[in-house]
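J.: need coordinates for the following:
(4 chains)
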Number of protein chains: 4
Amino acid sequence: MTTRHPLPVGLVGAGRMGSFHAETLARRLPGVRLAAIADPAPGAARRLGDRLGCPTAYTEIGELFADPGIEAVVIATPARTHADLVEAAARQGKAVYCEKPMAISLAEADRAIEAAADAGVPLQVGFNRRYDTGFRAAHDKIAAGTIGTPQLLRSLTRDPELADPARIPPWTIFLETLIHDFDTLRFLNPGAEPVEVFAMADALTRPDFKDRGLLDTALVTIRFDNGALATAEANFQAVYGYDVRGEVFGSAGMLTMGELRRSHLTAYGPDGIAADCVGYDQDLFHDAYVAELADFTDRVRTAGTPSVTGEDARAALSMALAAIRSITTGGPVRIDELQDR
Amino acid sequence: MTTRHPLPVGLVGAGRMGSFHAETLARRLPGVRLAAIADPAPGAARRLGDRLGCPTAYTEIGELFADPGIEAVVIATPARTHADLVEAAARQGKAVYCEKPMAISLAEADRAIEAAADAGVPLQVGFNRRYDTGFRAAHDKIAAGTIGTPQLLRSLTRDPELADPARIPPWTIFLETLIHDFDTLRFLNPGAEPVEVFAMADALTRPDFKDRGLLDTALVTIRFDNGALATAEANFQAVYGYDVRGEVFGSAGMLTMGELRRSHLTAYGPDGIAADCVGYDQDLFHDAYVAELADFTDRVRTAGTPSVTGEDARAALSMALAAIRSITTGGPVRIDELQDR
Amino acid sequence: MTTRHPLPVGLVGAGRMGSFHAETLARRLPGVRLAAIADPAPGAARRLGDRLGCPTAYTEIGELFADPGIEAVVIATPARTHADLVEAAARQGKAVYCEKPMAISLAEADRAIEAAADAGVPLQVGFNRRYDTGFRAAHDKIAAGTIGTPQLLRSLTRDPELADPARIPPWTIFLETLIHDFDTLRFLNPGAEPVEVFAMADALTRPDFKDRGLLDTALVTIRFDNGALATAEANFQAVYGYDVRGEVFGSAGMLTMGELRRSHLTAYGPDGIAADCVGYDQDLFHDAYVAELADFTDRVRTAGTPSVTGEDARAALSMALAAIRSITTGGPVRIDELQDR
Amino acid sequence: MTTRHPLPVGLVGAGRMGSFHAETLARRLPGVRLAAIADPAPGAARRLGDRLGCPTAYTEIGELFADPGIEAVVIATPARTHADLVEAAARQGKAVYCEKPMAISLAEADRAIEAAADAGVPLQVGFNRRYDTGFRAAHDKIAAGTIGTPQLLRSLTRDPELADPARIPPWTIFLETLIHDFDTLRFLNPGAEPVEVFAMADALTRPDFKDRGLLDTALVTIRFDNGALATAEANFQAVYGYDVRGEVFGSAGMLTMGELRRSHLTAYGPDGIAADCVGYDQDLFHDAYVAELADFTDRVRTAGTPSVTGEDARAALSMALAAIRSITTGGPVRIDELQDR
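T.: Just a heads-up that it's a prediction; the model follows:
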């Protein structure tokens, strides 16, 4: 360790995800201190801070970035603000952890990456599945060659409840949901990069919102440069719970990932066998959300390099943008022909 | 093969189990012919024979045994008649397959074994679980040393429906149900023999029948001569279906056996995860019931030795009788002190 | 039943699948008789017939079709011969069961369907998964509305061993393997029809055979007219065994199908938890293969209508041809624009 | 809440379990403060305290109990010291959480319970499985009548590694390991109490230590006053990992509990299906260990009554002592005839 005092971290965005990260910073990580919270909504940062014993609250995010007592920031604001905030924080010399997606255009992503590089600060992105025990073990086995060369991959995300469609920006299913699956596919096909993308999508759950651009069901096919073929699949209304699974079939074996059971309890009765489902992403990925901030803050403290980078965020974004383009054009889209929207 | 013509087999007992065996003999086994059926109930043998194209029906079982056109018999009558029928069939020189239990006293068992030995005919007993793919694979692994020395074993049987208690003889749970588990424990602890037995039992499902001697719930503890400790467990009213499981824990690993799912279909809905249960022993052990008769008839045709013997039946019976004695005395019972009831 | 004598059935094609069907006709189906076998390979029909007690063998398939003692035929020859044989058998007034694919062009399929209609004979096609307990139960639940409207479907087939690539015709993965998955997707999305198909495929297992047109890995995306999006996926070298699975996600729940375990035995040791895989399609679908011939012969005997029709075969073929077209053109293909190759 | 300042808690015993509890008190529980640590081993309390930012360390446990700045204590010392420490802490007016077993004789247990009652302080005992999500959900379902009346129960514990046998006190398997299972059986059979106990045990893993009284394999049968029959089973060397499972069969259904998989990753290869096992109790019960201290400290802060009481500890101890007696006498032992060793 290069620092011995607790690392002072500032949290930006006091919403659902931000509150969870705030608790992690305040309580779950030895050697870390939640030093300030910023949220433009009046009182939000203060209320969260009071609950967690955090001394400082800002409604101006820029003030937190300018605070010399802060060494690292965790950005958990709405997606469209991410890239600018990464850039601003990096310019103030802060180490940056940013929730996914780090950017929603390639130009933005490039500016954010460049700002961090120019400032010489670490930049980590919130692809939490990389920190889940099962997905990580799968990655490690694949990287070690256990299942040979990946040939067919699958990653899916089904959210238990459709948030108010009126508040969801267009293309959310690609930019905010499937972005996880795009990253997972790259994570589980180490060293390979996507070449071509074809997407189908629809508004099946809420057809009335289709004309506002809200798609709630999507199926994306991707060809990688090592020949592997992959699908990423998402839906916004899984009535049974939170469903995240992965599968990698290779020349020497297969790995499957995903847990739909809430606990190890199984019930047997006149109607058959029954078990409860996982209901919520913060149940399913609780430990992974903690582990990613632990990894980020450890690397900041030890001057290490982040393991999930701005480049990873850009690559997943490319896949999302190609999928959106594919929906628009009705045909497959090559990643290398992709230009910004 | 020593014989080239289809082996003519006679079936004794046209009830539920007998009918299944009759179908197997008539249709499922190449090289085997269902040549005659005997059942004392007027018309029962004839009706079953008509359905299966079997030419000969008897109401006198002795006539079937005396029929020179029959080389082997399958005995599927009520348990209390088994040993005498084995003896009678063997005396007529027939190869004998007998449903479990082969006998309900040690003296009877000894007479049946001796009759088969004197006549030089093969005698096989219907412990069908030995022919189930999973239980057999477990046995083979254990015999090969895969899990080291067995230390803790478990075998259980739960029947989905209590037959009319008024028609069930006393001690049925030990002599007809747990007899399977006692044999399974010996099968899964190869080479070891039971030393001491302790049993608890009760009439929990139908307390009103307790004074008639009907016990519907039993838990038996057994110590084997290789140190292994085992439980056998039975119940007569599993509302969720037919439940047969096994477990062997050894110095180098553990094996578990048992399938409660009816098929590979799993349903996920707002109430969680659901699957159907196995409902019936002839669903669960369909293939095992066929395989045991295939093995029996093969060995008869090739003059081989049966793989489940009268001695196996006697050993399982000893455990059942020791369990009954334990219920009567309230204390543990040593197998070597066991004398016949 | 309209006939009381055993239904005389002729088998055409004495290869691997044909031999299994022959055993089923000879032994496993009451009320059915294997009356003749035809195979052009000298001695093949005779040898199989001798083993099963079938009296008549032909090397000219046309002679079997002309045999007045035959009421129904089971066609299990190579795929490219199917449609012509269906046509020829129907013209001789035989009820026809034909292995999949029934045809490899739409024109052929139409001729076969028309021939059966003209002759007034039943025509059933060998989509055996429809007779598997789990897949059938899934279909029934979906048809009953249990999971609402299907939105995302998946069907996959992975064969355990690549047959000699030199002997595999081009496009086999679509016409002979994925044809099962295309039918399964229609079966599990009852009433809906495919609208658009996009496919990616490659020769990943044996790249050296790619220039001969052998593709061993394929991923197909399908849009149905009820909005559902589906994937069909195949590979020719699953080192772990025979892998057939299905999944249907709907507005009110999800169903998963597929069994990879060979038995209910699980082993626990220092290296973790282990179980054996299913190795072979005739293990996995043994009961389904029997059930489909039982259904076919029952319907022939009772003058019923087949439940898997020539039209079903044509619909699955359309999806396969659209996938092949998609590979050729590199873009999505609409079913209604499909013209024959 | 009756107190607003963080609850100051003292930890007694800085070993493996104590260190885990110390981390929980220091970091994982809002509203709680690890105020002091006591351990007689020189430097042990100080080292642990330094790591966790705990200001005060004692080598005299009595000094911690006398510290007026401490409101509650967590006792995690060796088992034989527990009861005396509970008594001493209670006399100083501290709320007491004590690791299991709370006592190793009934007289001791009674004194500890009485001391807490006299002092009017809460006394909670460390049966952590009651706080595991799956076991707790099972309890709740059973208490709600979901599976009717319990008839057959099973609880088992298999530890992955035999601690140095020379350091294990005699009867450990009953007093320290199976004590969990005895409590679990009571927890899963709510309102019922044990009536009769029969035990078999042996030194199968390390026969050389049998003459020192070390038993490493035990199987205990228990009859409850509602008729239910139960087994508790333990072994000290499960090569595959940490194995804790439960099963309750009732008149209206069955529940099973237990998780042997380390994560949701499954691997399929030429040797079949594989998954990793749980290796360690603090992996398996991590959340339960935290939840039990959260519950204890919440109840202390709100002046509530503990949910796992000294009386629960005494009841489980009675079962352990009856099992020991049964081993000594070779016969069943009635709980109501039990007198202290």
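
J.: not counting sequence-adjacent ones, nearest residue to the residue in the stretch 1-150 of chain A positioned nearest to chain C?
T.: Here the residue of the stretch 1-150 of chain A nearest chain C is residue A:149; by C-beta to the nearest C-beta that distance is 7.3 Å. (Each C-beta comes from the backbone N, C-alpha and C, glycine too.) By the measure of C-beta to C-beta, 6 or more residues apart in numbering or on different chains, the closest residue to residue A:149 outside its immediate chain neighbours is residue A:251, 4.8 Å from it.

J.: residues near that neighbour, how many?
T.: By the other C-beta atoms under 10 Å in any protein chain shown criterion, the neighbourhood of residue A:251 contains 17 residues.

J.: pLDDT wise, what is it at?
T.: According to the prediction, residue A:251 has pLDDT 96.

J.: before we move on, the earlier item: I'd guessed the residue of the stretch 1-150 of chain A closest to chain C sits against residue A:250; true?
T.: Yes. Taking C-beta atoms under 8 Å as the definition, residue A:149 is a contact partner of residue A:250 at 5.6 Å.

J.: more neighbours, these two?
T.: Here residue A:149 and residue A:250 are set side by side on neighbour count (other C-beta under 10 Å), and the busier one is residue A:250, at 25 against 16.

J.: which ones are touching that one?
T.: For residue A:250, the residues meeting the contact criterion (C-beta atoms under 8 Å, 6 or more residues apart in numbering or on different chains) are A:142, A:147, A:148, A:149, A:150, A:151.

J.: just residue A:334 next, same as before
T.: Counting by C-beta under 8 Å, 6+ apart, residue A:334 makes contact with A:195, A:196, A:322.

J.: next, the contact list for residue A:36, please.
T.: Contacts for residue A:36 (C-beta under 8 Å, 6+ apart) come out as A:8, A:10-11, A:49, A:54-58, A:64, A:67, A:69-70.

J.: which strand or helix spans it?
T.: Taking DSSP states H and E as the definition, one finds residue A:36 inside strand A:32-38.

J.: before we move on, what about residue A:74?
T.: Taking DSSP H and E as the definition, one finds residue A:74 inside strand A:72-75.

J.: pretty sure residue A:30 sits in a helix.
T.: No. Remark: residue A:30 does not belong to a helix; assigned using DSSP: H, G, I helix; E, B strand; the rest coil, it is coil.

J.: and the closest residue to it other than its chain neighbours, how far is that from residue A:296?
T.: Take residue A:30 and drop its neighbours on the chain: the residue closest to it by C-beta to C-beta, 6+ apart is residue D:27, 6.5 Å away. Counting by C-beta to C-beta, to the nearest Å, the gap from residue D:27 to residue A:296 is 18 Å.

J.: so these two - more neighbours on which side?
T.: Under the criterion of other C-beta under 10 Å, the comparison of residue D:27 against residue A:296 puts residue A:296 first, with 29 against 18.

J.: tell me the backbone dihedrals of the more buried one, please.
T.: Backbone dihedrals for residue A:296, given as degrees, to the nearest 10, come out at phi -60, psi -50.

J.: what of residue A:59?
T.: With angles defined as degrees, to the nearest 10, residue A:59 shows backbone torsions of phi -100, psi -10.

J.: quick check, it in contact with residue A:49.
T.: No. Assessed by C-beta under 8 Å, residue A:59 is found out of contact with residue A:49, at 11.9 Å.

J.: which helix or strand in chain A has the lowest average pLDDT?
T.: Counting by mean pLDDT, DSSP states H and E, the weakest-scoring helix or strand in chain A turns out to be helix A:281-284, with a mean of 76.

J.: thinking again about what came up before, could I get the strand holding residue A:36 in CSV with only the CA atoms?
T.: Output of strand A:32-38 as CSV, limited to C-alpha atoms (Å, rounded to 0.1, in the frame of the first residue of the first chain):
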residue,chain,number,x,y,z
VAL,A,32,-11.8,3.4,2.8
ARG,A,33,-13.7,6.4,4.0
LEU,A,34,-16.9,8.0,2.5
ALA,A,35,-15.8,11.5,2.6
ALA,A,36,-18.4,13.4,0.6
ILE,A,37,-21.6,12.9,-1.3
ALA,A,38,-22.9,15.1,-4.2
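
J.: how about the helix or strand hosting residue A:195 and chain C, any contact?
T.: Under DSSP H and E, the secondary-structure element containing residue A:195 is strand A:194-202. Yes. Strand A:194-202 is in contact with chain C by C-beta under 8 Å from any C-beta of the partner chain, via A:196, A:198, A:200, A:201, A:202.

J.: for the fourth one, give me its contacts.
T.: Right, the one you point to is residue A:201. So residue A:201 contacts A:173, A:174, A:215, A:217, A:218, A:219, A:323, A:327, C:229 (C-beta under 8 Å, 6+ apart).

J.: which SS class is the first one?
T.: Here residue A:173 is helix, with the state taken from three-state DSSP.

J.: tell me the contacts of it?
T.: If you count contacts by C-beta under 8 Å, 6+ apart, residue A:173 has them with A:201, A:215, A:216, A:217, A:218, A:234, A:236.

J.: ok, of those residues, which one's closest to chain D?
T.: When these are compared against chain D (criterion: C-beta to the nearest C-beta), the nearest one is residue A:234, at 19.1 Å.

J.: residues near that closest one, how many?
T.: Residues near residue A:234, counting by other C-beta under 10 Å, number 28.

J.: that one: which element?
T.: Following DSSP H and E, the helix or strand that holds residue A:234 is strand A:229-235.

J.: is any residue of that strand near chain C?
T.: Yes. With C-beta under 8 Å from any C-beta as the criterion, chain C is reached by strand A:229-235 at A:229, A:230, A:231, A:233, A:235.

J.: top of those by neighbour count?
T.: Sorting the residues of strand A:229-235 next to chain C by how many neighbours each has (other C-beta under 10 Å) puts residue A:230 first, at 30 neighbours.

J.: can I assume it is in contact with residue A:247?
T.: No. When contacts are counted by C-beta under 8 Å, residue A:230 is not listed as touching residue A:247 (9.7 Å).

J.: list the residues that contact both of these two?
T.: Between them, residue A:230 and residue A:247 share the neighbouring residues A:152, A:153, A:154, A:155, with contact defined by C-beta under 8 Å, 6+ apart.

J.: who wins for neighbours among these?
T.: Scoring the shared contacts of residue A:230 and residue A:247 on neighbours with other C-beta under 10 Å, the highest-scoring entry is residue A:155 at 30 neighbours.
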